[in-house]
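Sequence below, structure please.
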Amino acid sequence: MKKNDARRLKYNELTELRKRGVSAVQDGQPAILVAKVLGVGKSTLFGWLARYRAGGWEALDAHRRGGRPPKLTAQMMAWIYNTVATKDPRQVKFPFALWTSIMVAELIWRQFHTRLSRASVCRLMNQLGLSPQKPLWRAFQKDPERVEKWVKEEYPKILALAQKQKADIFFGDEAGIRSDFHSGKTWAARGKTPIVSTTGARFNCNMISAISPRGAMRFMLVDGKLTSDCFIDFLKRLIHNWPRPVFLIIDSHPVHKSAAVSKFVASTESRLQLFHLPPYSPELNPDEQVWNHLKNHGVGNQPIAGPDHLKHLVLSHLRKLQKLPSLVSSFFRLPETTYAADQ
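Numbers count the residues shown, from 1 in each chain. Below you'll find the model as predicted:
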């Protein structure tokens, strides 16, 4: 893309270009992309951000000259942005995995010997288009290359085999929900944390389910821990009266690979085949969204009176999901699961 030579722009044009650049970054657009779209260098863009930080929108006026030198230069701001936006704090010798305002302040002091208050750091992050967000946690054992191979090579082979054998693909998973799980917020007087009264006893409900890209869903509640017998019982229900062969994709839980399960699968004479997801990659399984939906929309915002009440709420919500194939199908259209959306 052709670069804009700021020296050749009229004062009002340069002022407008500066404001557009700063506004775009503050709206969350990546600085490198903003610079490319505007046709300026990245250092030029961070220079504008430094001007804005030192004097606000008026400092971007091309007619103005001089003024108070910024505490953070364009080069400093570019370094801060790149470090916070692209690095894990542990990569720069912090013990904690999340960037906090205090840690960013310490980062700036370490690198530039410039002290910023917590409030100043928060303003700086906003000015750089960064915002505090709840992260998605991933197991450090996960192998990105293994995940890429699954998405690009292994699953397409499974899909092709399913089409050849006229089989339906399901994704399965197990989960448990505890009586003391709560989601959402509640109104309360400012400065006074609300207390929600529940039964002091803790109990849980365990479940298995499987869903298909077309919105079909099967589930079963489990008493106690998952065993080979429980899983086999679920597999029998899954293929019972199903008109086509079933390919079930699950994780590598030891029960799923037990000798008893393998023996049962072999006895189905190809009516059922099992395939396993890469280790530590639950985000690849659309069935995870069944449990997320149950916890956040079905049980987590309900008062639980006892074990039977919890079981009733779980059954009620899962049966409701079962009658909403379009909603179940939407679990395959997330960024991490869209690879499995077609069958």
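
Kindly list the longest strand within this protein.
Using DSSP state E, we find that the single longest strand of the chain is strand 168-178.

Show me what counts as buried in that strand.
The neighbour-count check on strand 168-178 (16 or more other C-beta atoms under 10 Å) flags D168, I169, F170, F171, G172, D173, E174, A175, I177 as buried. Bear in mind the C-beta positions are built from the backbone N, C-alpha and C, glycine included.

Between the residues you listed, which sits nearest A162?
Using C-beta to C-beta, I169 comes nearest to A162 of the buried residues of strand 168-178, at 5.3 Å.

Show me the shaky parts of the stretch 1-150 of the chain.
By pLDDT under 70, the low-scoring segments of the stretch 1-150 of the chain are 1-11, 62-70, 96-97, 134-142.

check which helix or strand covers D342.
D342 belongs to no helix or strand when assigned by DSSP states H and E.

And the strands in this structure?
Remark: strands assigned in the chain by DSSP E are 168-178, 204-211, 217-222, 246-250, 272-276.

quick one, helices of the stretch 201-343 of the chain?
For the stretch 201-343 of the chain, the helices defined by DSSP state H, counting those that start in this stretch occupy 228-239, 259-267, 288-293, 307-322, 325-330.

what's the most buried one of these?
helix 288-293 (a mean of 20; mean count of other C-beta atoms under 10 Å).

Go ahead and confirm P278 touches V147.
Yes: judged on C-beta atoms under 8 Å, P278 makes contact with V147 at a distance of 5.3 Å.

which residues are common contacts for those two?
Overlap of the contact sets of P278 and V147 (by C-beta atoms under 8 Å, 6 or more residues apart in numbering) consists of L284.

Tally up the residues packed near the spatially closest residue to F112 that is not a sequence neighbour, please.
Among residues not flanking F112 along the chain, M76 sits closest, at 5.6 Å (C-beta to C-beta, 6 or more residues apart in numbering). As a burial measure, M76 scores 17 neighbours (other C-beta atoms under 10 Å).

hmm, back to that, can you add distance to G39 and give the helices of the stretch 201-343 of the chain back as TSV?
Shown next, in TSV, are these (distance: least, C-beta to C-beta, whole Å):
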stretch	distance to G39
helix 228-239	57
helix 259-267	60
helix 288-293	42
helix 307-322	50
helix 325-330	40
